[in-house]
Each structure stands twice: as structure tokens, then as C-alpha cells.
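Peer 1: Here is a sequence with its predicted model. Questions after.
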Amino acid sequence: MSSNPFTVSSPEMMDAAEMRRLYVPLAENFEIEDLGHVFVHGHRGCGKSMMLRLMAPDCKALERNCGIADLPYLGLYASIKSTDLDIAEFDRIKNQFAGAVLAEHSLCLFVASKALQSLSDHTGSELKSEAVRAELWPFIQKMVLSRLSGPDVEFSEAADSGDPLSVAIEAIDSKYSEFMDYMRQLSLLEEYLPFQGKVVGYREFLFPLCSKLTSLSFMPRGKPVYVLLDDSDNLNAIQTQVLNTWVSYRTGAKVSFKISTQMGYKHFRTSANQRIEAPHDFKEVNISTIYTGGLAKGGFPAWVEEIVTKRLQENGIDVTARDFFPVAKEQEDAIEKLKEDLKSKWLTEGKGFRPGDDATRYARPDYIKSLGGTSKQGSTYLYAGFDQLVHISSGIIRYFLDDAASMFAEESKILQAKSKNEGDPLKVLSIPPRIQNQVVRDSADALMIDNLDKLLSESDNGAAELGTKDDFKQLRNLIQALGGVFQKILMSDRSERRVLSIALSDVPPDEVMRILKLGVRHGYLYEGTIGTKDGLARTRLFVLTRRLAPVFKLDPTGFAGYLFVTSSLLQLALQNPAMAVREFEKKRLGTVIDDPQISLDLT
Amino acid sequence: MKLAINNLKKALTERVALFVGVASFEARCCSILEELKDECASVLLFKNLQAGPQAEQNLQKMLLMVGDRGVSVDLNLDEPMSTAKSLSAVVDAIEKMPPGLVFVDITTFTHEQLLILFRILEQAKPARKIVFGYTGAERYSVNTAPADVWLSKGVSQVRSVLGFPGNLLPSKRLHLIVLVGFEHERAKLVIERFEPSVLTLGVGEKNQSVSDDHFQTNCRFYDDVRRFVDRRTSVGADVNSFEFSCVDPVATKKSVIEEIGRFPQHNTVVCPLNTKLSTLGVALAVAENPAVQICYSRAIEYNEIGYSTASEQVTLFDMRFDGERA
């Protein structure tokens, strides 16, 4: 099979069987399937869309091997694309009272249409029977047609013979189209033009429509409805305000919104200018903190392994994920030997509680160190093997798949050239370690150099909330400093050398926090919390993305410790990374603390 | 109609009652005015607020060419609404101008500004002949090696163009048409942002390109975008391609309408990223298909030092918005 098993497809384009074949449910790990509104934040490519799509009825029914009526909830998937709703014309009405009303009207219609389309697309043949149609018609008449057009409007006999969901969608789309026509009229008008159509709102249209769906006999009766809103960052500020208002109604027992964002959700204010807050109004899940949360203990690697195995099998490649991405044997043998040496010396020179502790902690760092310290030879360490690749992907499945796709393409090219010389077509059965290593190194360089350069050049001093040029310069300095410090720790003789995270030992000034947050937003850092040194409270933890491990010659396979740092070190790092690293070395600024609880378990 | 710039005066059958242009960092913003400066009764020059000192120098140079016949108006690249307000000065000026045609030098308008101006004229329906003139570039990215060609970097925002919101129905899937040009990074970002169900990539026709060199470069960038799409595949297998004219708006319009028609059950968004003449073609196509949206990706940084050098050729396209024959 010549197709690349690791290419990434949009979940919207996939049917339930394909979704089941290629993806592994993850939602239960984040309790997204529980009642109530949830915001799911995560960087692009971390699996949010897949997670939501897998909650649609077809995927859920396949997973549970049951009919739609037996599902624990009714999931209705609605993705929001760039400029679907956020059109330039909205600027004309954003400061008017009518703006909020019309934003709600259009968002209601948009979500209702998408939700019914999802119901139609994601229920297979279950809604096609005559009996279902007969029950659906009065429902659609009451909940959609009469509410959009008035109670006196009857649907025609011709419509009666058609598909009630299609008729409902058409009616909603037609109202939406009326609104878009009005917006087009507004495009170049200076003066106010009132909207003449009937407007709908959440309480009298969208909520009853969604909540009553599960009163129908062929639906999961009495069960909640989940509206799965994907990529909600694409809403403009006023539409975001409307959605927040819906969340503030706390209708979660009947209709819950599961809202995904790419870390760029505009704000959390309602139309009444109140803030919605977790946990009162909604639950908040950050998938990008996968490495600092409960999934760190083996969940993520196992998830990736299952996905890779499925994809390989789908493409007729019958090998395990570990065999497909083999380790660099010579290197691993050398590390094993170091482990054995450390174990044998443990009784006399050991630092850990058990012989295995020292072996785990020091063997790989010692090996990296043995390759030449900070000299260029250090780069001969090979970032290869399934486990290392999973660690390097830093909890974002898209990063793993993108790199894997490049590796597969590279190896295919080589085998194709060989096939021409040798005759028989050769199949990719594994990716040589040197190719794995080259691809992740290229990706790391691109992230550290090209991407930061791009962010820097893209930054606009006029739009301070997105980060100014100076902010991105400081972010680059901070990353360089952190990478440099972690490298020094790895090369040191400290008791814990595998450090990729910092914990704040005091409250940092706003400018430091802003840069740290900027790093989180752009995927350079991950945020979590951890107990303070005195054990009395909790403080913020920032983890450097493992995707940069090759740039700083770090061991990506775990972070058994973290570095408590002061604001003064971070402030220095923002301005002068080289001096920050030197100061760290000289004054031993910061304290490395062991925390075996957050090491990754890949066994 | 393509002609040598020094034949421009002869080619115009009427007096230029109003000249409209944009003073930018590119030297070619001055080329047409230099040629027509003595023929214009009035001159309306725009300048982007965000433009650097080179644009200001060019504005002063252009104002100097026309003396008290010229006025300048600022444009804001970040505020489409304000852009529309500023561009409506063209309609105001047309109302006051003596008999004659309106000459719009579209060379250095951004795609978005040009589209908004088109929509303003379409709505105002001025009873004048409008001649759009475009000076092609002899070379692009003159300060880089051929392999490192760049015209713009970064995209701050992908937005719908004011006046072309389309009528995208929520239940329909998306068909994205991109007219790929030299700014391939912008094309990739637009594709990534939209994740369309169907993607159609347009490449300039060989015989309808500004020059052979441009055609070769365009093909190279088209291939680059195509490779990016193949690798990403979040747009699925439905990637189509088509050819369009980079120099004839009517021909471009025909090609774009054909592509729109291929997927009638989809919402369509068009992103013009090639020449301004082809962008006019997109405007003509969407004027006939108002349900289609046009989008614009706002670049953050332009290669101001070496963006282009002007060619000696000018392409003219004239039309009327009042329904009369041009």
C-alpha cells in the first residue's frame, strides 16, 4: 500500500467506521462526557476535534455497540470555520444594541442548522424509517417551522412527503440567508438600517429545540443533549459574548455545550458584562497540559500507540508501533550498559533509594554527556524509538503524526529508488533511527528558529494583546535561557538531571507572567500547578515543550524533577539568556526538586 | 489590453477627469501617473497609514507631479470599515469632476482595498467609464536570490472582504478556491484556517501570465502549496486545480465562475492572491454569484526594500458600473 498511514484528515470528512478504525477515544479521560458545560482548550492538532466528533451519535453507537436510542447522551457536532460567522460586516453593528440581538439570532440559527445537519449525517439509517418521519414531522413543525415563521404557517403536503430534518434545515438556512442578505446591505451603508425579519433567541428557540429532541422515542429519551462546538475561537467578540451568556444560563442538565478552543477564545464576558467562571458555570479542560495532568502516567503514550497500531494495520503493515519506530540499537545498548554499571555501583556510590532509581535517572543523561558535553558532538545522540518520539510530541498527537508522515515519506522515497534498481517493490516496514532523528531535529529547528522568527515578524506593536515584537523577543530569550539551564543541569552531577520544567518560587511581575503565558499560547510552554516547597500551597509550573529537546540536547524521555526559580532569574532570562545561564551556574539560582510523580510511564 | 507605458496616452480615448492611485513603497506606484500627469484634471492618491517612509516619499513625489490638482487620503489596513469610508472619496470626487473618464491605477492597492473599491463603485454606479490600469512587475523580490524570493511574511488575520460576505449556509460544506500567486505562505495559512471540504487551487495560465519568468515562479509556488496540501491532507482527497488568466479580468471571471459551479451544493469562498487584474476578475465573478464570499489574508510585513521593479508594460481594463457599454 503506497498511501501514507500518518496523514491527518479532518474529522468532519470521516464516517464513524473510519473514525473508529483510526482514532481512539480520549474524552472519558477528561470527563468531557459528564453533564455540564465544558471548555476544551488545546493547541491546534492535539485531538480536540476528533474528541468531539467521536461523541456524535454514529461514533458513540459504534463504540458502545448499541442503537441511537440507547446512547447516554445525544451529541450534536458543529464546527465553526474562519469567517463562517465572523464576517467583516459585523463591525457595522457591534456597538449597537441590535448588534447583540442579531448576533444571538445568527448564532442560534447557525448552531441549530449545524446541529440538525449533524443529527442527519451522524445517525446512519436510524432516522430514515416512516415511523420516525411520522414522529419527527409534528416536532419539526412545532419546534422549528412555526417558531421561525409563526404558528399559522403549515408545511405543505409536498414537504410532508420529504425528509423532515432536511425541511427544517432548509427553513433555518433560509432565515440565516435572510440575515446574511441584510448584512450585505449594511456593508457600505453609513446610516442605521433596521433588520426587518423575525429574530430568534436561545431560550425560545435553540434550547427548546435541542432539549426536546431527546423526548422523541427514537432518541436517547430523557438523556442530555451535548452541543459539540468546535473551534469557537472563530467567533467574533460579540458572538463570544452571546455564547458565554448561553453558558451562564446553566441549562447543562438538559443541554450542555462542549466548546473547543485553540487557546484563542476571545473572552469570558456575557452580554450583561458578567464573567462566566469555572467551576460555577462550566468546567475547563486543557488538553495541552496532558503531560502535567493525570494522563502523564502512561495514558498518552498508550493512546498514541493504539492510534499508530490502528493506522499501520489499516495500511497493511503488520508490525507493532515499537518495531515500526525502532530505537537506535547501539545507543540503547550503551545506555543499558550504563544502567547496569549504575546498578552495580549503587551500594557504594548510589544516590537513589533503589538501584533502579540511579539507573533511570542517570544512564541516559550520562550517555548524552559522554557524547561530548556541549560541543557539537552532542548532536550525535539519536532521537529515535517510539517512546522518544511520543515524548517529543509533547502531548499533541498532530505533532507525532506530522513527523511520522514525514518519516514515512522519506523512507518511501528511499525504498522507491531501491526498488527501481532491484526490481521488486519494497514496502515500508520500519523507519530507520537516522531518519526518525533527522525529522525530529528538523522539526525542532523549525520550531525554535523559523517559527519564532515568524511570530516575531508577524507580531504587531499595535496589537498588544496578541504580543508585541518585544514580547516575542523576550519569549525567544526565555526559551533559550530555559533550554540552556536545563542543558547545564543535564550535564551536571546533580542528583536529578532530567529537568524540563520550572516552578515559580515567588509571584512574578506581570511582564514575566505575560511572556510565560505567551509561551503557553504558542505551544512553547505548558502550564500546570505544583505544591510549593513548604508544602502549604500550590504554585505555577511551566514545562518546556519536549519538541525542543533536540535543539538543547536534552533527554526528552521524562522529567523527574523541576526547577524552582525566582522572578529575578526569569527577568534576567527575558533580557539576556546567556547571562541568565551563567548566573544560574555561578550562583546556583534556583533549586532542583525531585518529583517522581510526574515522570512519564512508558512501560 | 496590454501596451507599452509610453503609448498609454494615445490609448485613452477620453480625457482623464480623475486619476486614482495608491502611493506605496513600490516604485511602480508612480509609473502610470508619471505618464499621465499632464492629462489628469484631478488626482486622488491614497496611502496606507501603516506604510513606511518610502511610501510617504512616493506620495510626496506623486503630489509634486500634479501640484494643486492632487489630494491625498489615508487608508487603514487594519480597519476595513474605515477603508470603505476613505475609498468612498472616489465616488464623491466623481460627482464633482468634469467630463471624462476615471482612471484607477490598481497596481499598488491591496487585494482587499481593490475589492472594496469595486463594491463601492458597483453600488454607486457612476455614469463614467472606469479604466483600470496595472503596471506589471519586471522582477519581484529583487533583493533576494531566486530560491529565497519573498514578498510578504506572516498573516495577522484572515477575514471576509467587506462587501463580499457571501451567504454561507451553515448546513453546507466548504469549497475554497485559492488563486495562488507569489505569496504562497499566505495561501497555506488560508487553507489551514479554513480546512475546506473541497479545495481548488488556481495557477496562472502560461499564455495569460505577466511574463514567462513570472509563470515559472508562479508554478514553483503553486507546486509548493500543492505539496503542503498533500502533506496536510486535512482537506481530504478533494483537491482540484484550474488555470486562470493573470492579465484579463473577464477571462479570470469566466474561469472562477466555472469552478464555483462545479460544487453547487457547497458554500464557496474565494481567496485571490495573484495579480490585481485577476482579483478584478474574482470581483466580477462574485458580483454574479453573491452567495460566494471573498476572503483576504492581511500580511504583516512586506518586502519593502525589494518587492519589485516596474515593467514598461501596462495592462488596461475598462468597464462601466452604470449598465452602459464601456
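Peer 2: That came through, no problem.
Peer 1: mind checking how far A:Met219 is from A:Ile32?
Peer 2: Going from A:Met219 to A:Ile32 by C-beta to C-beta, to the nearest Å gives 21 Å. Glycine gets a C-beta too; all of them are placed from N, C-alpha and C.
Peer 1: try B:Leu18
Peer 2: Between B:Leu18 and A:Ile32 the computed distance is 60 Å (C-beta to C-beta).
Peer 1: Same question for B:Ile32.
Peer 2: B:Ile32 sits 59 Å away from A:Ile32, going by C-beta to C-beta.
Peer 1: what's the answer for A:Ser443, then?
Peer 2: Distance from A:Ser443 to A:Ile32, by C-beta to C-beta: 29 Å.
Peer 1: Check A:Leu518 too.
Peer 2: For A:Leu518, the distance to A:Ile32 equals 27 Å [C-beta to C-beta].
Peer 1: What segments of chain A are strands?
Peer 2: Under the criterion DSSP state E, chain A contains strands at A:38-41, A:74-79, A:225-230, A:255-261, A:283-286, A:499-504, A:525-531, A:538-544, A:561-565, A:591-594.
Peer 1: tell me, what residue is most central in chain B?
Peer 2: With distances taken as C-alpha atoms, centre = their mean, B:Lys276 lies nearest the centre of chain B, 2.8 Å away.
Peer 1: Of A:Leu518 and A:Ile32, which one has the most company?
Peer 2: Just comparing A:Leu518 and A:Ile32: by other C-beta atoms under 10 Å in any protein chain shown the higher neighbour count belongs to A:Ile32, 24 against 21.
Peer 1: Would you check that that one makes contact with A:Val38?
Peer 2: Yes - using C-beta atoms under 8 Å, A:Ile32 is in contact with A:Val38, at 5.3 Å.
Peer 1: Which residues of the stretch 151-300 of chain A lie near chain B?
Peer 2: A:169, A:172-173, A:176-177, A:180-181, A:183-184, A:187-188, A:190 (C-beta under 8 Å from any C-beta of the partner chain).
Peer 1: ChimeraX command for the buried members of those residues?
Peer 2: Buried members of those, defined by 16 or more other C-beta atoms under 10 Å in any protein chain shown, are picked up in ChimeraX with:
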select /A:169,172,173,176,177,180,183,184,187,188
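Peer 1: Now render the residues of the stretch 151-300 of chain A next to chain B as a markdown table, adding distance to A:Asn477 and pLDDT.
Peer 2: Formatted as a markdown table, these follow (distance: C-beta to C-beta, whole Å; pLDDT from 0 to 100):
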| residue | distance to A:Asn477 | pLDDT |
| --- | --- | --- |
| A:Ile169 | 52 | 95 |
| A:Ile172 | 51 | 96 |
| A:Asp173 | 51 | 95 |
| A:Tyr176 | 48 | 95 |
| A:Ser177 | 51 | 94 |
| A:Met180 | 46 | 93 |
| A:Asp181 | 51 | 92 |
| A:Met183 | 45 | 92 |
| A:Arg184 | 47 | 90 |
| A:Ser187 | 44 | 86 |
| A:Leu188 | 46 | 85 |
| A:Glu190 | 47 | 78 |
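Peer 1: domains for the chain, by residue range?
Peer 2: Let's take chain A. Listed domain ranges for chain A are A:16-289, A:301-328+A:382-598 (source: automatic domain parsing).
Peer 1: The chain in question should be chain B.
Peer 2: Listed by automatic domain parsing, the domain ranges of chain B are B:2-140+B:309-320, B:152-302.
Peer 1: Let me know whether the first one sits next to chain A.
Peer 2: Yes - remark: domain B:2-140+B:309-320 sits within contact range of chain A at B:78, B:80-81, B:84-85, B:88, B:119-120, B:123, by C-beta under 8 Å from any C-beta.
Peer 1: same question for that domain, mean pLDDT?
Peer 2: Taken as a whole, domain B:2-140+B:309-320 carries a mean pLDDT of 91.
Peer 1: CSV please, covering the strands of chain A and showing mean neighbour count, distance to A:Val485 and mean pLDDT.
Peer 2: As requested, these are exported to CSV (neighbours: other C-beta atoms under 10 Å in any protein chain shown; distance: least, C-beta to C-beta, whole Å; pLDDT from 0 to 100):
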stretch, mean neighbour count, distance to A:Val485, mean pLDDT
strand A:38-41, 24, 28, 92
strand A:74-79, 26, 41, 95
strand A:225-230, 26, 38, 96
strand A:255-261, 25, 31, 95
strand A:283-286, 20, 25, 86
strand A:499-504, 25, 8, 84
strand A:525-531, 19, 14, 77
strand A:538-544, 20, 10, 83
strand A:561-565, 23, 7, 78
strand A:591-594, 16, 10, 56
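Peer 1: Many thanks, I have nothing further to ask.
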